[in-house]
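[1] Please work out how this folds:
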Amino acid sequence: MIAVVVPCYRVKKQILGVLAAIGPECEAVYVVDDACPEGSGDHVEAECRDERVRVLRNDHNQGVGGATLAGYRAALADGADVVVKLDGDGQMDPSLIPRLVRPILDGEADYTKGNRFFEFEGLERMPRLRLIGNSMLSFASKLSSGYWNLFDPTNGFTAIHAAVARQLPTAKLSPGYFFESDLLFRLGILRAVVCDVPMPAIYGGERSSLVIRHVAGPFAWKHLTNTAKRIFYNYYLRNFNIASIEILLGGAFLAFGTWFGASSWLRGIFANTPQTSGTVMLAALPVIVGVQLVLAFLNYDLANVPRDPLHRRLLPALPRS
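    Okay, the predicted model is just below:
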């Protein structure tokens, strides 16, 4: 069964059109009213005649992550095989759901997500500030999740295999706008296979409630902490290999070379004395070696993207004939 979760917050004008466009391939639709001040849940119950639609309500606003997880729990309890997350603001085309779930149904992926950057024509309609912001967030997400093959990490048009969704530490997932990026980090820790699915960028008259200046700092800190956690979990706690040594020594050499070079330079300025060639080399050589070691680690990390679908190992074994 394919189930669809639609978080709702200030989407009263668009939600009925979104629900009407969901195709017959989806057997259940969960509309999650995240304490919407417009009463989106009541509006759906009063106006929607689709028997597949069920309205869930959060007692207080939990953010897009909290609303999505509420829908996940209901869908999993009802026996869904694949759970799609679709925003209610009309920026995602429900007719693309078959394309989104196909890699999962074919056993090629555990989690799929839309990528608005695949089609150049659609990018012309994307606001320039959002285009730059998404590019920066994509690189930060690659570092924190380990999925170097992905782009557009904040895209909320996603699908997940039920067996993998049950493995997620839902209590640890970020409930707000960082939800999609944090989910990729958690999937990376599980070694789930994730792939992008091309989708057009759709922008109407709706305004995003995401204010970049309010989230830039928290997002940067969360990506930094997730990057440190990922490296520790994957290269020291669960495994130890040549890449573990490369990042450890590379960081140490870079730190020493930078510290020694900066302190020597400052001492020379205050004492008005030039630095010797030996001092310069003692600062430059560790930096050069450190950069090479870090690049070697990144090369290993790039090749270490998960490729064996996790859900195949989680499903019950078939009985032998």
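[2] from here on, contacts and neighbour counts on C-alpha atoms
    Noted.
[3] residues contacting the residue nearest the centre of the chain?
    Most central residue of the chain, judged by C-alpha distance to the mean C-alpha position with CA atoms, centre = their mean, is Ser181 at 2.8 Å. For Ser181, the contacting residues are Ser141, Ser145, Pro153, Thr154, by CA atoms under 8 Å, 6 or more residues apart in numbering.
[4] do Pro175 as well
    Contact criterion CA under 8 Å, 6+ apart gives Gln62, Gly63, Val64, Gly65, Gly66 as the residues in contact with Pro175.
[5] My guess is the fourth one contacts Asp182. True?
    I take that to be Gly65. No: the criterion here is CA atoms under 8 Å, and Gly65 misses it with Asp182 at 9.6 Å.
[6] Common neighbours of these two, please.
    Here Gly65 and Asp182 have Leu173, Ser174 as joint contacts, going by CA under 8 Å, 6+ apart.
[7] and stretch 104-118, what's its mean pLDDT?
    Rounded to a whole number, the mean pLDDT of stretch 104-118 is 91.
[8] which residues sit against it?
    For stretch 104-118, the external contacting residues (CA under 8 Å, 6+ apart) are 82, 100-101, 103, 122-123, 151-152, 155-161, 164, 192-201, 309-312.
[9] low pLDDT regions in the stretch 51-200 of the chain?
    By pLDDT under 70, the weakly predicted segments of the stretch 51-200 of the chain are 119-127, 129-130.
[10] which residues in it form strands?
    In chain order, the stretch 51-200 of the chain shows strands spanning 53-57, 82-85, 111-115, 158-161, 194-198, with DSSP state E, counting those that start in this stretch as the criterion.
[11] which strands and helices sit next to the fourth one?
    Right, strand 158-161. Of the remaining helices and strands, those touching strand 158-161 by 3 or more CA pairs under 8 Å, 6 or more residues apart in numbering; DSSP states H and E are strand 82-85, helix 97-105, strand 111-115.
[12] Given it, what are its sheet partners and their directions?
    strand 82-85 (antiparallel), strand 111-115 (antiparallel) (DSSP bridges).
[13] Between Gly65 and Asp182, which has more neighbouring residues?
    More crowded of Gly65 and Asp182, by other CA atoms under 10 Å: Asp182, with 26 against 21.
[14] Which of the contacts of Ser181 ranks first by neighbour count?
    Ser141 leads those on contacts (other CA under 10 Å) with 29 neighbours.
[15] could you dump the helices and strands packed on strand 158-161 to JSON lines with distance to Val44?
    Conversion of these to JSON lines gives the following (distance: least, CA to CA, whole Å):
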{"stretch": "strand 82-85", "distance to Val44": "17"}
{"stretch": "helix 97-105", "distance to Val44": "21"}
{"stretch": "strand 111-115", "distance to Val44": "26"}
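[16] Could you point out which of those sits nearest Gln91?
    Distances from Gln91 to each of those were compared using CA to CA; the minimum, 11.5 Å, belongs to strand 111-115.
[17] Also compute the angle for the closest one relative to strand 194-198, please.
    For strand 111-115 and strand 194-198, the angle between their directions (axes from the mean of the first three to the mean of the last three CA atoms, to 10 degrees) works out to 30 degrees.
[18] how about strand 111-115 as CSV, C-alpha atoms only?
    Once non-C-alpha atoms are left out, strand 111-115 reads as follows in CSV (Å, rounded to 0.1, in the frame of the first residue of the first chain):
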residue,chain,number,x,y,z
TYR,A,111,14.3,6.6,0.3
THR,A,112,13.7,8.9,-2.6
LYS,A,113,13.4,12.7,-2.8
GLY,A,114,12.7,15.3,-5.4
ASN,A,115,15.4,17.3,-7.0
